[in-house]
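Trainee: For reference, the sequence and a predicted model appear below.
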Amino acid sequence: MLMTLLAAASMTGWIGTYTTSDGKSTGSPGIYAFQWDAQQGVMSGVHPAGTTTNPSFLALHPNGRFLYAVNEDGSSSGTDHITAFAIGDAKSPDSLRAIGTVSSQGLGPCHLSIDAHGKWLFVANYDSGTIAVYPIDSDGRLGQARQTIQQKGSGPVASRQESAHAHEVVLSPDERFLLTADLGADRIFVYGFDATTGTLTPHAKQSIGVPAGYGPRHLVFSKDGRTIYVVTEITPAVVTFRWNAQQGAMTRVGLVPTADPAEQPDGAEIALHPNGKFLYASNRGHSNTIAIFRIDHEGLPVPAGHVSTEGTLPRFFNIDPSGKFLIAANQGSGDLVTFAIDPTTGGLTRVGSKVSVPAPVSFVFARRQAPD
């Protein structure tokens, strides 16, 4: 029984960072590993685990044996890359060994996702506005892209919406559709997905726009799969849609700001609490906050306050698997900050010490058995 409790409380995780910023080294070698105490909400033992350039977004294979990282390098060759890693060995169970690199089929890869069976990986390339699908071999390596799609569109903010900028790729709960939040086109693109062939089919009539100049960035489905919450970046807000799972269609039903527009913030990440009752969104810039929402009986987010991330540029945050803690990654100030989640109100209270990591962007958790 004691070993079971220890195993449940002990988790390994990995942090993706920028290794360069504005042409200068950040001091990071790439990906860091950490230990997570799910009982106390403490991140410890942070150390380099894998060397690669600008792994700004990570995705863990469902079997827990492989990790994938974008290489957001802004390559002069016209394409950036995705690197696959095998996790662990006898001496170091959280180490990462590179097992292959493929073209991301575009520039500025910023998001990865994997289907529930671990057969297909999807990437969104921000700078080029392309998305791509890759087969995943049994040994964790990625095959060549099965399909690449160039998204098209623009918005009224000329400096940021001159062309398509794919920012996230998310499968619907039943995995029959792939949704792409495109900041440049001011649209959520919807594609039918064939899990047998890895083929995407555009659903032009089902794709939908957000208010002009808002710039959709990331999205999350409600716990029952009937609602989609989209965080927008240029004009930070949560835009709410009803999801028709049969048709793969969206209908807009609500919009609520995540911050005071006078503060000129940039919306960044969005996450739903595992209980489905609370929604969170981060604001970068002057405010550097997490916006808190409660979900009402109609599935709409209702503002419930803001909490400072106690750092700068919270590009990413996530809720730990226990649902007890939210961890914010402050890219600008180079630290991660943990907050306890009030199970009744969804409120956030700072706990523990800041963890220093150069330019942290994303992180993932993976359960690790405690030693016998």
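Mentor: Received, thanks. All values reported here derive from a predicted model rather than from experimental measurement.

Trainee: Point out where this structure drops to low pLDDT.
Mentor: Scanning the chain for pLDDT under 70 picks out the ranges 1-8, 367-372.

Trainee: which SS class is the closest residue in space to residue 208 that isn't next to it in sequence?
Mentor: With CB to CB, 6 or more residues apart in numbering as the criterion, residue 208 has its nearest non-adjacent residue at 4.6 Å, and that residue is residue 250. All C-beta atoms are positioned from the backbone trio N, CA, C, and that covers glycine. For residue 250, the assignment made with DSSP: H, G, I helix; E, B strand; the rest coil gives strand.

Trainee: ok, residue 250 - contacts?
Mentor: The contact partners of residue 250, by CB atoms under 8 Å, 6 or more residues apart in numbering, come to 188, 190, 206, 208, 228, 241-244.

Trainee: change it to 6 Å
Mentor: 208, 241, 243 (CB atoms under 6 Å, 6 or more residues apart in numbering).

Trainee: what bridges to it?
Mentor: residue 243 (DSSP bridges).

Trainee: Tell me where the stretch 1-150 of the chain has helices.
Mentor: Ranges of helices within the stretch 1-150 of the chain are 2-9, based on DSSP state H, counting those that start in this stretch.

Trainee: Going along the chain, name the strands of it.
Mentor: 10-17, 20-21, 24-25, 30-37, 42-51, 58-60, 66-71, 81-87, 96-103, 109-114, 120-125, 130-135, 147-150 (DSSP state E, counting those that start in this stretch).

Trainee: among the ones you listed, which is the most enclosed?
Mentor: strand 120-125 (a mean of 28; mean count of other CB atoms under 10 Å).

Trainee: I'd like to know which elements it is packed against.
Mentor: strand 109-114, strand 130-135, strand 166-171 (3 or more CB pairs under 6 Å, 6 or more residues apart in numbering; DSSP states H and E).

Trainee: Relative to that strand, what are the paired strands and their orientations?
Mentor: Assessed with DSSP bridges, strand 120-125 is paired to strand 109-114 (antiparallel), strand 130-135 (antiparallel).

Trainee: these two touch, right, residue 29 and residue 52?
Mentor: No - here residue 29 lies out of contact with residue 52, judged by CB atoms under 6 Å, at a distance of 8.3 Å.

Trainee: Comparing the two, which shows the higher neighbour count?
Mentor: Neighbour totals were compared for residue 29 and residue 52, and residue 52 leads with 21 against 17 (other CB atoms under 10 Å).

Trainee: and that one, what does it touch?
Mentor: Per CB under 6 Å, 6+ apart, neighbours of residue 52: 30, 69, 83.

Trainee: With residue 39 instead?
Mentor: Contacts of residue 39 (CB under 6 Å, 6+ apart): residue 9.

Trainee: For it, grab phi and psi.
Mentor: Per-residue torsions, residue 39: phi -80, psi -40 (degrees, to the nearest 10).

Trainee: gap between it and residue 153?
Mentor: 47 Å (CB to CB, to the nearest Å).

Trainee: quick one on the thing from earlier: make CSV out of the contacts of residue 52 and add distance to residue 354.
Mentor: Output for those, formatted as CSV (distance: CB to CB, whole Å):
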residue, distance to residue 354
30, 21
69, 24
83, 28
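
Trainee: for those residues, which one is nearest residue 321?
Mentor: Closest to residue 321 out of the contacts of residue 52 is residue 69 (20.6 Å), distances taken as CB to CB.

Trainee: bridging residues for the closest one?
Mentor: In this entry, residue 69 is beta-bridged to residue 58, residue 83, by DSSP bridges.
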